[in-house]
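Participant: I would like the atomic coordinates for the input below:
(chains A and B)
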There are 2 protein chains.
Amino acid sequence: MKKASIKDVARLADVSIATVSQILNNKGDRFSEATREKVFAARDEVGYVPNISARSLKKSHYMLIGVVVPTLALPYFGAFVQHLQNLLPENMSLSIMSGEQKQADAAVERMIEAGVSGVIVVSQLADPNRIADLLKQCGIAMVVTENHDDLELADVVYTKDQAGGRLAAEHLIAEGHKRVALLGNQVFTDNLFYRAGSFKATMEEAGVKVSEITTHNMSKQSGQAAAMAVSISHATATFALNDELAIGVISGLSKLGWHVPDDMSVIGYDDTDYAAFYQPSLTTIHQPVDIVAKTALDVLMARIADHRLDRQKIAVDVSLVERDSTRPLQV
Amino acid sequence: MKKASIKDVARLADVSIATVSQILNNKGDRFSEATREKVFAARDEVGYVPNISARSLKKSHYMLIGVVVPTLALPYFGAFVQHLQNLLPENMSLSIMSGEQKQADAAVERMIEAGVSGVIVVSQLADPNRIADLLKQCGIAMVVTENHDDLELADVVYTKDQAGGRLAAEHLIAEGHKRVALLGNQVFTDNLFYRAGSFKATMEEAGVKVSEITTHNMSKQSGQAAAMAVSISHATATFALNDELAIGVISGLSKLGWHVPDDMSVIGYDDTDYAAFYQPSLTTIHQPVDIVAKTALDVLMARIADHRLDRQKIAVDVSLVERDSTRPLQV
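Facilitator: Numbers count the residues shown, from 1 in each chain, chains lettered A, B, ... in the order given. The predicted structure follows:
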């Protein structure tokens, strides 16, 4: 993108460059209000940034890294981004954008304009192949955190969602549950698809009936709204596809007079730091967000250092954390 | 900042522009490994982005807005940023950075380079006057969310922290507490300074003794770590300077066998959405993060539209929300 120059401002405002310079540097008192207005409007229109200050800011080895997450209102993504921020060396800055699908595609395009050297994409893209191709053309490194086999131009760091879904199922089976509820989003990202699919498959093998309850999104509010549906599902245990939904449904069940885990076991997913602090503390699948962030950054840096590396694909392990929100079924 | 060109790459790699072009467009098989390596290294060194793709991305009225928050690991800031994101019209993008003090100053400088039209600064800056001056020189609008009287070059949108501290104090006084703990950060931002100062002043007037307990930072972990100190403070109620500290100290007290509110009343600050979902639900001071975000954006847009506006300074009201974590002292 060609950067707007003072000439562009002068041309659009139909005045001399000297006039623009004086007005923009607050030395334009002798010009008419109309002229000054024209110049300010032209400056805003072309997006002109005076070079003198920009030049003074220039650092020789400074690097900008981009990260795109679905939302910053969910703590898993907030924690992911904050870990990246804490890991970055001094001469790098992190540009963060949030959005999903088309908004995420647009965010990556904005980051190219902003001059990033690499992008970590946590969001599901609307058109991942086009974006990957665009970044490749621009010589910008790309790491995605969904398990994409089809996206050959991007490096991949992902958590083992299939293993996570299976661990959740096995825990509830071991505790004797015969009928469970699966609480999740109406639109599945790939991650959620693997997580839920593996949970259901494991349950099916064990002969456990799964009632699927769809939530509006992945928030506490959605989990709370689903509490009534959970309570009439005949399930004795609920697997919520993230900790937010788990906290929401526990709080909703409590309004119905149900106590977790006595009246219902609830297992979450993520192990954000609210899981340990909630009352009851949550049994959940731990995704090591710190390790995922560090690995994604390492992979990105390796790609930036050498764009001809073989494709990097790293899977990060998850684990079951048993706390107070689940207990063996007493029959 | 002058954008790196293909010429810069060619000069640094000591090859022709045509060579650079072919190698960077994956048509460089006939060149030696050494030449290709030199070109890739030079491209990375000067930060060159091919113009062809950048040009195709150019939108005529596209605008970039920046926001700098202290951290994304605290939900108040995550929610603030997400509200901004949701409010932005289609032709604008949000660039988010996190950091405090010098890191925040550097973040604003990076945003200037990235071509923002305006910046909302939630973080405390190390050198606010220098940053405000720099943005002014660049014709970039600036809104801060701390109550700065000295920062004449920035517009201000802030919440009434003094009122918030007083409301918390008055609630505990009304519930009959004679001895309270104040739980807060070791380093106060201006906001925290006003919040705590007004709480202490109100308590002093009422003859209530305040024990100040310093936490490492504003996290749940810090709140939990302070639970022992709170338990031996002889206080019957605790004012935590944010909800995270409140959740942390309640969870820590629970490990000591103390029940909130029976053994200790706890009041938080922010009313992030965890406050309502926590068990017990938190009594807290509600900061309307949606209104603060909307107001900050409105003020920024007004400034971008007309840089000669009088300084805008808007104070947003806070309110007490009574829930289950406080109760009247029984004597």
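Participant: CA only for contacts and neighbour counts going forward, please
Facilitator: Fine.
Participant: Get me the contact residues on the stretch 51-200 of chain A for chain B.
Facilitator: Counting by CA under 8 Å from any CA of the partner chain, the residues of the stretch 51-200 of chain A close to chain B are A:51, A:53-55, A:57-58, A:61, A:71-75, A:78-79, A:81-82, A:85, A:93-98, A:107, A:109-110, A:112-115, A:117, A:134, A:137-139.
Participant: Of these, which belong to strands?
Facilitator: Using DSSP state E, the members of these that fall within strands are A:Ser93, A:Leu94, A:Ser95, A:Ile96, A:Met97, A:Ser98.
Participant: And the pLDDT for the second one?
Facilitator: The one in question is A:Leu94. Reported pLDDT at A:Leu94 in the predicted model: 90.
Participant: nearest spatial neighbour of it, skipping sequence neighbours?
Facilitator: Nearest non-adjacent residue to A:Leu94, counting by CA to CA, 6 or more residues apart in numbering or on different chains: A:Ile65, 4.9 Å away.
Participant: Could you confirm A:Leu329 falls within a strand?
Facilitator: No: under the criterion used here (DSSP: H, G, I helix; E, B strand; the rest coil), A:Leu329 is coil, not part of a strand.
Participant: pLDDT weak spots in chain A?
Facilitator: A:1-5, A:25-28, A:49-61, A:331 (pLDDT under 70).
Participant: now the helices for it?
Facilitator: Secondary structure of chain A (DSSP state H): helices at A:6-13, A:17-24, A:33-46, A:51-57, A:75-87, A:102-114, A:128-137, A:161-174, A:190-205, A:220-225, A:227-231, A:243-255, A:273-277, A:289-305.
Participant: Could you list everything the most centrally placed residue in chain A pairs with in the sheet?
Facilitator: The residue lying closest to the centre of chain A (CA atoms, centre = their mean) is A:Val69, at 2.6 Å. Counting by DSSP bridges, A:Val69 is bridged to A:Ser98.
Participant: right, and it touches A:Ser95 too?
Facilitator: No: applying CA atoms under 8 Å, one finds A:Val69 not in contact with A:Ser95, separated by 11.2 Å.
Participant: circling back to that earlier point, relative to B:Ser16, which of the helices of chain A is closest?
Facilitator: helix A:128-137 (19.4 Å; CA to CA).
Participant: Does anything pack onto the closest one? Which helices or strands?
Facilitator: If you count contacts as 3 or more CA pairs under 8 Å, 6 or more residues apart in numbering or on different chains; DSSP states H and E, helix A:128-137 packs onto helix A:102-114, strand A:141-144.
Participant: from the ones you listed, which stretch is densest packed?
Facilitator: Here the criterion is mean neighbour count by mean count of other CA atoms under 10 Å in any protein chain shown, and of the helices and strands packed on helix A:128-137 the winner is strand A:141-144, at a mean of 26.
Participant: Show me what that one is packed up against.
Facilitator: strand A:118-121, helix A:128-137, strand A:155-159, helix A:289-305.
Participant: Run me through the strand neighbours of that strand, direction for each.
Facilitator: Next to strand A:141-144 in the sheet, as set by DSSP bridges, lie strand A:118-121 (parallel), strand A:155-159 (parallel).
Participant: Could you dump the ones you listed into a markdown table with mean neighbour count added?
Facilitator: Formatted as a markdown table, those follow (neighbours: other CA atoms under 10 Å in any protein chain shown):
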| stretch | mean neighbour count |
| --- | --- |
| strand A:118-121 | 26 |
| strand A:155-159 | 24 |
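Participant: Run a quick neighbour tally on A:Arg323.
Facilitator: 15 (other CA atoms under 10 Å in any protein chain shown).
Participant: quick one: contacts for it?
Facilitator: Each residue near A:Arg323 by CA atoms under 8 Å, 6 or more residues apart in numbering or on different chains is listed here: A:Ala276, A:Ser281, A:Leu282, A:Thr283, A:Thr284.
Participant: how about the helices of chain A in a markdown table, adding distance to B:Leu24?
Facilitator: Converted to a markdown table, the helices of chain A look like this (distance: least, CA to CA, whole Å):
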| stretch | distance to B:Leu24 |
| --- | --- |
| helix A:6-13 | 30 |
| helix A:17-24 | 37 |
| helix A:33-46 | 30 |
| helix A:51-57 | 27 |
| helix A:75-87 | 29 |
| helix A:102-114 | 16 |
| helix A:128-137 | 8 |
| helix A:161-174 | 37 |
| helix A:190-205 | 33 |
| helix A:220-225 | 47 |
| helix A:227-231 | 56 |
| helix A:243-255 | 45 |
| helix A:273-277 | 44 |
| helix A:289-305 | 14 |
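Participant: follow-up on the earlier one: out of the contacts of A:Arg323, name the ones that lie in strands.
Facilitator: Counted as lying in strands by DSSP E, out of the contacts of A:Arg323, are A:Thr283, A:Thr284.
Participant: any idea which of the contacts of A:Arg323 is closest to B:Asp161?
Facilitator: Closest to B:Asp161, out of all of those and judged by CA to CA, is A:Ala276, at 30.0 Å.
Participant: follow-up on the earlier one: which one of the contacts of A:Arg323 is nearest to A:Ala246?
Facilitator: So of those, ranked by how close each gets to A:Ala246 (CA to CA), first place is A:Leu282, at 8.0 Å.
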